[in-house]
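> output the structure for:
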Amino acid sequence: MSTGQLAPGDQVAVLDVDVPGHIRTPFYVRGKRGVIERAVGRFRNPEELAYGRSGEPKRMLYRVRFAQDEVWPDYEGPGVDTIDVDLYEHWLRKV
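Next comes the predicted model:
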């Protein structure tokens, strides 16, 4: 299986756009920076499937790890705490 354009350890930024429709990228990580934890695989795009389209071509899905204090600046827990979010490649930019 192809692993797409990104690899584990790559630093990425999530696009910070507010688009209408069925979007699978949580608002709370938009504009945030994280690290690719792993490539999950290629899947039909659920943003297209929601409207009865084919979802093709398949899109690469990645698990991205964020520091909790990157996602929530007022986070008061331990600095090593993280959150993992599965995100499609078209929402990510390598930094």
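> the residue of the chain positioned farthest from its centre: what secondary structure?
The outermost residue of the chain relative to its centre, with distances by Cα atoms, centre = their mean, is residue 76 at 23.7 Å. Three-state assignment for residue 76 (DSSP: H, G, I helix; E, B strand; the rest coil): coil.
> out of the helices and strands in the protein, which is least certain?
Every helix and strand of the chain was ranked by mean pLDDT, DSSP states H and E. The lowest is helix 46-49, at a mean of 90.
> which SSE is immediately downstream of that one?
strand 59-67 (DSSP states H and E).
> quick one: average pLDDT of the helix or strand following that next one?
Proceeding N to C from strand 59-67, the next assigned helix or strand is helix 68-71, under DSSP H and E. Averaging pLDDT along helix 68-71 yields 95.
> any idea of the pLDDT on residue 3?
58.
> so the closest residue to residue 46 other than its chain neighbours: helix, strand or coil?
Leaving out its chain neighbours, the residue that sits closest to residue 46 by Cβ to Cβ, 6 or more residues apart in numbering is residue 24, at 5.3 Å. Every C-beta, even on glycine, is put in place using the N, C-alpha and C of the backbone. Here residue 24 is recorded as coil under three-state DSSP.
> okay then, goodbye and thanks.
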